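# Dropping the sequence and predicted coords here.
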Amino acid sequence: MPTIDAAHVFELEFARVKTGANLADLLREACAAMGCAWFALSHHLDFLAAPEKGVRVHNYPEDWAYWFDQNRLGPSDPVHRASQRSRAGFLWHDMRRYDTPRAGDEIVLAEAQRHGIGDGLTVPAHIPGDAHGSVSFAWRPGSAADPDALQFARMIGGAAFEAADRIANPDRSRAAPRLTDRQRECVIWAAKGNPIWRIGRHLELSPDTVREHLRNARLRYGANGGIMLTVRALYDGDISFVDIARR
């Protein structure tokens with residue numbers, strides 16, 4: 001049963017899992033607890049073009065996965081698009097609340113049905129600077145996902161995605177923040193489009209000191225310019241899109 005106590009047990013198990021095979025086994029057990037058939041944990045990428053760029057673990061039918069990849073649906077799948085506009089997750093039969101339907105969506109959903117994938121639920125997994133991702137669970141046609149299952153999935157989805165990312169990128173969890181506080185402030189203000197003199201005025205630093213902080217930040221990342229420095233700092237989580245957008 002998808003109970004709170006069961007979700008806590010799964011969270012602990014996901015924190016301890018060491019291999020992709022063991023992670024898939026845990027996701028199958030989660031399916032059994034919710035009474036569903038399918039799971040898919042994935043970044044929203046075109047895996048046919050760049051299979052090494054993200055994580056993906058699923059038990060979908062091979063024919064469906066092949067059709068999905070051949071049609072390059074990783075970034076444009078209607079469920080993936082809806083998850084990029086949801087914070088807490090959603091039931092698939094409610095997903096039009098989060099994204100406007102596009103031409104071709106009905107074809108995708110009909111093809112999923114043809115391969116035995118009916119209603120489902122999705123929990124987003126978004127890390128600033130990283131590709132969008134999500135954890136989904138799906139039922140066979142004729143069965144419907146329910147709010148209790150969604151609550152259960154919300155409790156375990158983040159832990160499951162963290163486990164997948166940890167297995168795929170073991171060095172990331174050991175990496176300390178790359179930027180000092182002052183370097184981070186200078187990078188944020190430079191990313192907003194401010195010239196050196198304005199950054200110095202805002203932070204009460206001399207222009208030469210600002211240049212030194214930005215130079216050292218570029219060296220830490222091996223970045224050869226301001227744009228690449230911003231991208232690398234976003235990707236590693238030293239800064240966020242909110243930091244840049246905030247006035």
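Looks like it arrived, so ask away.
# Can you name every helix or strand that the one helix or strand V108 maps to contacts?
In this structure, V108 sits in helix 105-114 according to DSSP states H and E. Here helix 105-114 touches helix 62-70, helix 78-83, going by 3 or more CB pairs under 8 Å, 6 or more residues apart in numbering; DSSP states H and E. For glycine as for every other residue, the C-beta is placed from the backbone atoms N, C-alpha and C.
# Let me have the ones you listed in CSV, extended by mean pLDDT, distance to A144 and mean neighbour count.
Converted to CSV, the helices and strands packed on helix 105-114 look like this (pLDDT from 0 to 100; distance: least, CB to CB, whole Å; neighbours: other CB atoms under 10 Å):
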stretch, mean pLDDT, distance to A144, mean neighbour count
helix 62-70, 96, 19, 14
helix 78-83, 96, 15, 23
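# okay if I get those as JSON lines plus distance to E11?
Compiled in JSON lines, those are given as follows (distance: least, CB to CB, whole Å):
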{"stretch": "helix 62-70", "distance to E11": "27"}
{"stretch": "helix 78-83", "distance to E11": "20"}
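# low pLDDT regions in this protein?
1, 128-129, 172-177, 247 (pLDDT under 70).
# for this structure, which helix is longest?
Secondary structure assigned by DSSP state H gives helix 147-168 as the longest helix of the chain.
# How far away from the center of its chain is it?
11 Å (CA atoms, centre = their mean, to the nearest Å).
# That one packs against which elements?
helix 4-16, helix 20-34, strand 38-43, strand 90-91, strand 120-125, strand 133-138.
# Which of the residues in the longest one are classified as buried?
Spelled out, that is helix 20-34. 23-24, 26-27, 30-31, 33-34 (16 or more other CB atoms under 10 Å).
# and stretch 211-229, which residues are buried?
So for stretch 211-229, counting by 16+ other CB under 10 Å, buried means 213-214, 217-218, 220-221, 223, 229.
# list the contacts for A223?
Taking CB atoms under 8 Å, 6 or more residues apart in numbering, we find A223 in contact with 217, 229, 231-232.
# Closest one of those to A88?
A88 has its nearest neighbour among those in V231, at 28.3 Å by CB to CB.
# so of the contacts of A223, which ones are in helices?
Reading helices off the contacts of A223 with DSSP H, I get 217, 229, 231-232.
# what number of residues lie near A110?
9 (other CB atoms under 10 Å).
# That one and G104, how far apart?
Applying CB to CB, to the nearest Å, the value for A110 to G104 is 10 Å.
# Let me know the distance separating the residue most central in space within the chain from S83.
Nearest residue to the geometric centre of the chain (CA atoms, centre = their mean): G133, 2.9 Å. Applying CB to CB, the value for G133 to S83 is 8 Å.
# got the contact list for R218?
Counting by CB under 8 Å, 6+ apart, R218 makes contact with 224-226, 228-229.
# Pick the one among the ones in helices among the contacts of A223 closest to A40.
Nearest to A40 among the ones in helices among the contacts of A223, with distances taken as CB to CB, is V231, at 27.8 Å.
# sorry, back to before: from the ones in helices among the contacts of A223, which is closest to I167?
Relative to I167, the closest of the ones in helices among the contacts of A223 is R232; by CB to CB it sits at 22.9 Å.
# how near is the closest residue to that closest one other than its chain neighbours to V187?
Excluding its sequence neighbours, the residue lying closest to R232 (CB to CB, 6 or more residues apart in numbering) is Y221, at 4.3 Å. Distance, Y221 to V187, using CB to CB: 10 Å.
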